[in-house]
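J.: Compute the structure for the input listed below.
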Amino acid sequence: IMRNRIYELSAWMIYEVNKNWAEAYADVAEAIDFCEYYAREMQRLAGPQQVYQLPGEHAEMQYIPLGAGLAIPPWNFALAITTGLVVAPLVTGNTVVLKPSPRSPVIAYKLMEILAEVGVPAGVVNFITGEDSVIGDLLVDHPKTRFIGFTGSKEIGLRIYERAAKVHPGQRWLKRTVLEMGGKDTTVVDETADIDAAAQAIVAAAFGFQGQKCSACSRVVAVAPVYDELLEKVVERARTLTVGDPAQRESALGAVIDGRSLDKIREYIEIGKQEGRLVLGGELPNNPESEGYFAPPTIFADIAPNARLAQEEIFGPVLAFIKAGDFDEAMDVANNTEFGLTGGLFSNVPERLERAREDLHVGNLYLNRKITGAMVGVHPFGGFNMSGTDSKGGGPDYLLLFMQGKSIAEKKAS
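T.: You can find the predicted model right below:
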């Protein structure tokens, strides 16, 4: 059904959250992939699992559902992440209360229409809308809530984590949290890298969907010998990006999600002007309510590794360039944030690529390619540290987060 409605669903996403056609189509495609992948994964996990047998006894182990839980998706991947957070607990036998972001309820309701058309019984997936501040705590705190699947900001994720730890009267279990909480993601470029390829990947990862991805490249750490050349090439490419109505195919960037987001971006641009050198963009509309919430690609150079622009998640098209003296320093800077979601290295030295595999502490590491665009079943997605619980969405262990194991042993008659 999603395949048959892919253009309609894409159009809704363009209308509701201002994705361009390519980003919207990819969002629906990822939702389809989640449905396919989790269904097949449940076939693998269904029924008795392999255990050793003792003489005179039959042993088995099976996975059973947790119960009733919450799916709290974000607005930025309004169908893909919503679908993943719903169908994973669904195929594992749980019931779900879906509370979409108040910024993107329509596309989430389209998923509800599809579930009804498929024949999911009423009451298995339950749809409720509202402001997080009004109903979020109520849902998380409820003693019948068994698990919470959430993707969103670090602040809200930590609030859910803390509140879910409290056992309420009538609650007979410890709530399980599956949290993905954002990042401050870095691309490292050394002096042996293909600079053109690095520049192209950086622009795609930094400014795709207006930089409103938890995996977006928000920091570039380049070694001194190639810093100026790389900066020039990134600025040159970013300058060609068209900002405008995403329904028009020539528009690379649409508007950011709302006025609150634009105000936050404006604040960080002012911070960036104090902390570094503005080399592109920075001009926001004076009357966004009439002009639209458009933010152009904005790049700051010569940012210090510990500056606010280098440490705090902005969630907009703002990129910070940081200069490192050598590769060792670049690796140290890449690991200096509280987050650990995505990161990457451009290098043609095998030993450095191997070191990144070992030492670049992120949940999703990309070598000589952009750091966005994780594919279901190919790049299981989830981060370390303050990026969440490293619950690898689209990976072979994800469904286990929504189940519990039951071991059964029967003594055979002699």
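J.: hey, let's count contacts and neighbours off CA atoms from now on
T.: Will do.
J.: Quick check: residue 225 is in a strand.
T.: No. Looking at residue 225 with DSSP: H, G, I helix; E, B strand; the rest coil, it is helix, so not inside a strand.
J.: which element follows the helix or strand residue 29 falls within toward the C-terminus?
T.: When elements are assigned from DSSP states H and E, residue 29 belongs to helix 21-45. Proceeding N to C from helix 21-45, the next assigned helix or strand is strand 57-65, under DSSP H and E.
J.: List the contacts of the residue lying closest to residue 53 once chain neighbours are set aside.
T.: Spatial nearest neighbour of residue 53, excluding adjacent residues (C-alpha to C-alpha, 6 or more residues apart in numbering): residue 59 at 6.0 Å. Residues near residue 59 by C-alpha atoms under 8 Å, 6 or more residues apart in numbering: 51-53, 407-410.
J.: And residue 194, by the same measure?
T.: Neighbours of residue 194 in contact, by C-alpha under 8 Å, 6+ apart: 346-348.
J.: count of residues packed around residue 396?
T.: For residue 396, the count of nearby residues is 16 (other C-alpha atoms under 10 Å).
J.: Next: residue 207.
T.: Around residue 207 there are 25 residues (other C-alpha under 10 Å).
J.: does it really touch residue 296, like I thought?
T.: No. Here residue 207 does not reach residue 296: they are 9.0 Å apart, not a contact under C-alpha atoms under 8 Å.
J.: if I look at the two, which residues touch both of them?
T.: What both residue 207 and residue 296 touch, as defined by C-alpha under 8 Å, 6+ apart, is the set 253, 317.
J.: shouldn't residue 253 be in contact with residue 210?
T.: Yes. The pair residue 253 / residue 210 is scored as a contact, 5.7 Å apart, by C-alpha under 8 Å.
J.: okay, and the helix or strand of this protein with the least pLDDT?
T.: None of the helices or strands of the chain scores lower by mean pLDDT, DSSP states H and E than helix 288-291, at a mean of 92.
J.: And it, how far out from the chain middle?
T.: Chain-centre distance of helix 288-291: 28 Å, with C-alpha atoms, centre = their mean, to the nearest Å.
J.: In it, which residues are buried?
T.: Buried residues in helix 288-291, counted by 16 or more other C-alpha atoms under 10 Å: residue 288.
J.: Send me the helix or strand that it is followed by as CSV with only the CA atoms.
T.: Once the chain leaves helix 288-291, the next helix or strand it forms, by DSSP H and E, is strand 298-301. Taking C-alpha atoms only, strand 298-301 is exported to CSV below (Å, rounded to 0.1, in the frame of the first residue of the first chain):
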residue,chain,number,x,y,z
THR,A,298,25.4,29.0,6.7
ILE,A,299,29.1,28.2,7.3
PHE,A,300,31.4,29.5,10.0
ALA,A,301,35.2,29.1,9.8
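J.: what about residue 144, how many residues close to it?
T.: If we define neighbours as other C-alpha under 10 Å, then residue 144 has 17 of them.
J.: actually residue 113, not the one I typed
T.: Neighbours around residue 113, by other C-alpha under 10 Å: 11.
J.: try residue 411
T.: There are 11 residues near residue 411, going by other C-alpha under 10 Å.
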